[in-house]
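Student: Kindly return the folded structure for what I paste below:
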Amino acid sequence: MNCIAIDDEPLALGLLTDNIGKVPFLNLVGACENAFEAMQTMREHSVDLVFIDIQMPGLTGLQFIASLEVRPLVIFITAYKQYAVESYDLDVVDYLVKPVSMERFVKACNRAKKLFELKSAKTSPAENAPDHFFVNADYSQVKIKFDDIIWMKGYGDYIKFHLKDAQHPLVVRTSFKELESELPKNRFLRIHRSYAVALSEITAVRKNSVFLGDKELSIGETYRESVAGIVRKGK
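Tutor: Numbers count the residues shown, from 1 in each chain. Here you go, the predicted structure:
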């Protein structure tokens, strides 16, 4: 499950991201100090679960969640008990009061996982997942197999697909946001605002770079935690 952590207190945010990193089925795609940073992250990533504080400057956690047209699963983590009733009007997964024990945190995460799986079961087709998708390129519907993708580069309204056994990249008019609904989350990883890679093609990871054989790609600052999380979990 892709998730983001939102808390205006750096120490609390650090503890939260550390706890998230210990849960095997969570993939942290952003750690944000306010709701406005979270908006940007959610524009760039598909987010399944939000961990969020309530009392934050500018826009509170309650206001931010209420403003979302498409609402992911939500777990509030706050020092204030008095907002619990109001939070459940937003149909949240859980409401945790700081300090939160690891046992209580994992219990909330497991509850979110069950709800996510139920939601996925309702929306997923019964047949086996496809191994390809189609894109508009060269005035045609072009079939791309997931196994053939090495990495992708986005620029403007276009994405350049670098494919196995292809002499030249395939240029497609689309965005990463649109593409995320087509790509299996367990097979591809966004590492930069402009780059996404096939996990199976990664040969090495350094602090600021991902290597695909001889090809070196920079890791964007906002994506370092999600890359580190994948490495830690061995996915």
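Student: Could you give me the buried positions within the helix or strand bottoming out on mean pLDDT in the chain?
Tutor: Least confident helix or strand of the chain, by mean pLDDT, DSSP states H and E, is helix 224-233 with a mean of 79. Residues of helix 224-233 classed as buried by neighbour count (16 or more other CB atoms under 10 Å): 225-230. For every residue, glycine as well, the C-beta is placed using N, CA and C.
Student: Run through the neighbouring helices and strands of that helix.
Tutor: helix 10-21, strand 27-32, strand 188-192 (3 or more CB pairs under 8 Å, 6 or more residues apart in numbering; DSSP states H and E).
Student: contact partners of that helix?
Tutor: 17, 20-21, 24, 26-31, 189-191, 199, 205, 207-208, 210, 219 (CB atoms under 8 Å, 6 or more residues apart in numbering).
Student: That one vs strand 27-32, what angle?
Tutor: With axes from the mean of the first three to the mean of the last three CA atoms, to 10 degrees as the basis, helix 224-233 and strand 27-32 are set at 150 degrees to each other.
Student: Can you check what angle separates helix 224-233 from helix 10-21?
Tutor: Going by the same axes, to 10 degrees, helix 224-233 makes 40 degrees with helix 10-21.
Student: what about helix 224-233, distance to the chain center?
Tutor: Offset of helix 224-233 from its chain centre (CA atoms, centre = their mean, to the nearest Å): 12 Å.
Student: contacts for stretch 72-88?
Tutor: Contacts for stretch 72-88 (CB under 8 Å, 6+ apart): 7, 12, 16, 47-55, 61-62, 65, 90, 92-98, 100, 108-109, 112, 115-116.
Student: I should have written stretch 25-38 there, sorry.
Tutor: 1-8, 10, 13, 16-17, 20-21, 41, 45, 47, 49-50, 52, 56-61, 63-64, 109, 113, 185, 190, 222-223, 225-226, 229-230, 235.
Student: which residues of the chain score low on pLDDT?
Tutor: 122-129, 233-235 (pLDDT under 70).
Student: domain parsing for the chain?
Tutor: Structurally, the chain divides into domains by automatic domain parsing as follows: 2-123, 132-233.
Student: who touches the residue positioned nearest the centre of the chain in this structure?
Tutor: Geometric centre of the chain, nearest residue: residue 2, 3.6 Å, by CA atoms, centre = their mean. By CB under 8 Å, 6+ apart, the contact list for residue 2 reads 27, 29, 45-49, 185.
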